[in-house]
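Trainee: Return a 3D structure for these sequence lines:
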Amino acid sequence: MPYPSDSQRDRPWVMRTYAGHSSAEASNALYRRNLAKGQTGLSVAFDLPTQTGYDADHPLSRGEVGKVGVPVAHIGDMRQLFDGIPLAEANTSMTINAPAMWLLALYVTVAEEQAAEQGRDRDEVLAQLTGTTQNDIIKEYLSRGTYIFPPGPSLRLITDVITWTVQHVPKWNPINICSYHLQEAGATPTQEVAYALSTAIAVLDALRDRVDADEMARVVARISFFVNAGVRFVDEMCKMRAFTQLWDEITRDRYGVTDAKARRFRYGVQVNSLGLTEAQPENNVQRIVLEMLAVTLSRDARARAIQLPAWNEALGLPRPWDQQWALRMQQVLAYETDLLEYEDLFAGSTVVERRVDQIVSGARAEIEEVQRMGGAVAAVENGYMKSQLVSSLGEYRRKVESGEQVLVGVNRFETTEPSPLQAEGAEAIETVDPDVEAGAVSALAEWRASRDAQRCERALARLREAAGTDENLFEATLDCARAGVTTGEWAGALREVFGEYRAPTGVSASSVPSAGSELGTVRDRVRATGEELGERLRMLVGKPGLDGHSNGAEQVAVRARDAGFEVVYQGIRLTPEQIVAAAVQEGVHVVGLSVLSGSHLNVVPEVVEGLRAAGADDVPVIVGGIIPSSDAAELTDRGIARVFTPKDYELTEIMEQVVTVIRQAHGLDDRSTALA
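Mentor: You can find the predicted model right below:
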């Protein structure tokens, strides 16, 4: 549809729900129900093994299969996922990054199969495909952690996808440059704009050498963004206007794009999921609505696609009813109000213009700083951007703990009536059947037994060979998809050629901005306990499994170090066995685990059991994450010393409890001063 002129009523944005869990069959049923309710686009959530290039039977996949999204292991799963959904008529967003080329190849292959079934021309159907692959690996190094390969090969995969889709799937958005997770990792509005646009510059600079000058406008026109909107909705709206202004400037001046339509800033949004609270979760409803206003009120910077979280995401996996509620919020705003009937509401506002100018000038300066380092890839490798985000998040947490930043129901206005929304107890969230993983492993074995193994090996051999050249890898990936290769096999072949990568954690360069008397008290207690034990207290902070959301673990590591602990933090994606080995080797006094993916009942007890087997059963284990109360009780029964959830926001208080746990484990009395 043409973009409306100022005299027309603006068309509604694409309305999505981020969804997928358990299996392709269960997720397909969910998608069909959502489309029947008026959802106008699909947003596929993949499980962590799929996102990180592992099959369901890999050791790192234990406890992760089908938890935070749908497992897609091969073309059969992709067929099932979109069964009965004509892809030529769908608008599909896929939140996938390191294996984006692989999942898009599976999607394209299903579209080809649908064309053949309908007797339609393949190229005609591919030309009609609309949607987005996130395909932004740089923010994965900085925030979400689902990277696989080093930055260089990762950037190659991104540019290969873009150049192939511009030629063959011209309506597809091959990359969604994603500032969403940067905000969750601590980015200020200025940093969010600057680091996202620095990523865009890195991608477009790489593409400039691969496409003709007259094709650059087509490439720029297919670049989209995916942003976060927090509850400070005036600031967030100004951020979007700043994004729009800077993108137009960069694409015009740096890349010579003269077509104003091609330079338009095109973005989708999900509002701030990690800003939702476990305490008084009903308050999340108004937070979500206010955050949606940030990206809809300004017509000149309005989102073209929106997906909203559900009110209970801080408690666990939302139910279909909860997702329906989030969809209805969008529909009421778009169809019942008069928002879409007017030109931009803020044109000429001196307040808005002043704030936009502040964000623009700050972002320009930060972009220039990143460029002086050699660009976004260099600023990932040297740890600069990561350390800036960890420090910004530390400052935010300090404000929350001091009460300077008010969170209603969390650090202020905490008195509450019982919530009828949670009266069902454990049934107030969706739960994934524990047999899902076993079923996926069994189905994977059946798939491997039924396919043409020699054809798969030939396709993988071609992929490895092409990866060693500068050939675009998309056609070789399509061959793998058609042959029946699995997700783990595709990623494994490229791991052999490209290697794997561990990104800087940013922890060493960060500290608590203001210590305060309470932290000083805990520091004294840490020192005193260490003197009683005859050595400095050591804490291992670990991320077992595939959960890459490391923000909480990093903040715990920073606060523990500033409280006087010697901290061992090796980053994300560790097996329980690796965590146990590190704990024993380093001689730590406590192990702290962070799990947000729902795999806590699987991976956390394995660490406890591993420590016992290694003769280190005097090392207590604590855990933090999105953990329902019933699961917390089970973990305690299975030997976990403490369980912390999002309501436990005071990190200094957590450090106090950690010292108590260590003292109890060593039979020390509590002579040391504790926090009042």
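Trainee: Number of residues surrounding residue 304?
Mentor: When neighbours are counted by other C-beta atoms under 10 Å, residue 304 registers 17. All C-beta spots, glycine's among them, are computed from the backbone N, C-alpha and C.
Trainee: what's the neighbour count on the closest residue to it other than its chain neighbours?
Mentor: Closest residue to residue 304 apart from its sequence neighbours, by C-beta to C-beta, 6 or more residues apart in numbering: residue 13 at 5.3 Å. Neighbourhood size, residue 13 [other C-beta under 10 Å]: 21.
Trainee: Could you do residue 662 as well?
Mentor: Using other C-beta under 10 Å, residue 662 is surrounded by 25 other residues.
Trainee: did I read that right, it in a helix?
Mentor: Yes. If the criterion is DSSP: H, G, I helix; E, B strand; the rest coil, then residue 662 is within a helix.
Trainee: mind saving the C-alpha coords of stretch 370-389 as CSV?
Mentor: The C-alpha coordinates for stretch 370-389 follow below in CSV (Å, rounded to 0.1, in the frame of the first residue of the first chain):
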residue,chain,number,x,y,z
VAL,A,370,32.6,4.3,17.5
GLN,A,371,33.8,5.2,14.0
ARG,A,372,37.1,6.5,15.4
MET,A,373,37.6,3.0,16.9
GLY,A,374,37.1,1.4,13.5
GLY,A,375,33.3,1.0,13.5
ALA,A,376,30.8,-1.2,15.4
VAL,A,377,32.7,-4.5,14.9
ALA,A,378,35.8,-3.0,16.4
ALA,A,379,33.8,-1.5,19.3
VAL,A,380,32.4,-5.0,20.0
GLU,A,381,35.8,-6.7,19.9
ASN,A,382,37.5,-4.1,22.2
GLY,A,383,34.6,-4.2,24.7
TYR,A,384,33.8,-0.5,24.4
MET,A,385,30.1,-0.6,23.7
LYS,A,386,29.5,-3.5,26.1
SER,A,387,31.2,-1.8,29.0
GLN,A,388,29.2,1.4,28.3
LEU,A,389,25.9,-0.5,28.5
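Trainee: Other residues contacting it?
Mentor: Here stretch 370-389 makes contact (C-beta atoms under 8 Å, 6 or more residues apart in numbering) with 138, 141-143, 151-152, 155, 182, 185-187, 191, 194-195, 198-199, 201-202, 205, 503-506, 508-510.
Trainee: Of those, select the buried ones using a ChimeraX command.
Mentor: Selection of the buried residues among these in ChimeraX, burial being defined by 16 or more other C-beta atoms under 10 Å:
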select :138,141,142,143,151,155,182,185,186,187,191,194,195,198,199,201,202,205,503,504,505,506,510
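Trainee: circling back: how about the contacts made by the residue nearest to residue 304?
Mentor: So residue 13 contacts 296, 302-306, 330, 334 (C-beta under 8 Å, 6+ apart).
Trainee: What about the residues you listed, which one has the most neighbours?
Mentor: If you count neighbours using other C-beta under 10 Å, the busiest of the contacts of residue 13 is residue 306, which has 28 neighbours.
Trainee: Residue 406: neighbour count?
Mentor: Counted by other C-beta under 10 Å, the residues lying close to residue 406 total 12.
Trainee: cool, and residue 279?
Mentor: Using other C-beta under 10 Å, residue 279 has 18 neighbouring residues.
Trainee: okay but it is in contact with residue 410, surely?
Mentor: Yes. Here residue 279 reaches residue 410: they are 5.0 Å apart, a contact under C-beta atoms under 8 Å.
Trainee: Can you pull the residues that touch both of the two?
Mentor: residue 647.
Trainee: Give me the contacts around the worst-scoring helix or strand of the chain on mean pLDDT.
Mentor: Here the helix or strand of the chain ranked lowest by mean pLDDT, DSSP states H and E is strand 18-19, holding a mean of 84. Residues from elsewhere that reach strand 18-19 (C-beta under 8 Å, 6+ apart): 27, 30-31, 34, 42-45, 95, 270, 307, 309, 323.
Trainee: rerun at 10 Å
Mentor: Under the criterion C-beta atoms under 10 Å, 6 or more residues apart in numbering, residues 27, 30-31, 33-34, 39, 42-45, 69-70, 93, 95, 270, 273, 307-310, 313, 318, 320, 323, 326 lie in contact with strand 18-19.
Trainee: Buried members of the residues you listed into PyMOL, please.
Mentor: In PyMOL, this line selects whichever of these come out buried by 16+ other C-beta under 10 Å:
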select buried, resi 27+30+31+34+39+42+43+44+45+69+70+93+95+270+273+307+308+309+310+313+318+320+323+326
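Trainee: Inside strands: which ones of the contacts of strand 18-19?
Mentor: 42-45, 93, 95, 270, 307 (DSSP state E).
Trainee: Now flag whichever of those residues is closest to residue 87.
Mentor: residue 42 (9.9 Å; C-beta to C-beta).
Trainee: Quick one, grab the pLDDT at that closest one.
Mentor: Residue 42 is assigned 90 on the pLDDT scale.
Trainee: give me the beta-bridge partners of the residue lying closest to it once chain neighbours are set aside?
Mentor: In space, and not counting its chain neighbours, residue 42 is closest to residue 92: 4.6 Å by C-beta to C-beta, 6+ apart. Counting by DSSP bridges, residue 92 is bridged to residue 42, residue 131.
Trainee: For residue 223, see how far away residue 92 is.
Mentor: 18 Å (C-beta to C-beta, to the nearest Å).
Trainee: for residue 441, same thing?
Mentor: For residue 441, the distance to residue 223 (C-beta to C-beta) stands at 38 Å.
Trainee: ok, now residue 557?
Mentor: 35 Å.
Trainee: Name the residue in the two with the higher neighbour count.
Mentor: Under the neighbour definition other C-beta under 10 Å, residue 557 and residue 223 were set side by side, and residue 557 has more, 26 against 21.
Trainee: Let me know the secondary structure of that one.
Mentor: With three-state DSSP as the criterion, residue 557 reads helix.
Trainee: Hmm, residue 539 and it touching each other?
Mentor: Yes. With contact taken as C-beta atoms under 10 Å, residue 557 and residue 539 are classed as touching, separated by 8.1 Å.
Trainee: Find residues that contact each of these two.
Mentor: 565, 567-569, 592.
Trainee: Show me where the stretch 251-400 of the chain has its helices.
Mentor: Remark: helices assigned in the stretch 251-400 of the chain by DSSP state H, counting those that start in this stretch are 283-294, 320-335, 350-372, 376-381, 384-402.
Trainee: quick one: the longest one to chain centroid distance?
Mentor: Looking back up the chat, that one is helix 350-372. 25 Å (C-alpha atoms, centre = their mean, to the nearest Å).
Trainee: can you pull the buried residues of that helix?
Mentor: Applying 16+ other C-beta under 10 Å to helix 350-372 flags 352, 355-356, 359-360, 362-364, 366-367, 370-371 as buried.
Trainee: Just send these back as TSV, with distance to residue 23 too.
Mentor: Listed next are those as TSV, based on distance: C-beta to C-beta, whole Å:
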residue	distance to residue 23
352	47
355	46
356	46
359	43
360	46
362	46
363	42
364	47
366	43
367	43
370	42
371	45
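Trainee: centroid residue for the chain?
Mentor: Centre of the chain computed as the mean C-alpha position; nearest residue by C-alpha atoms, centre = their mean is residue 144, 4.5 Å away.
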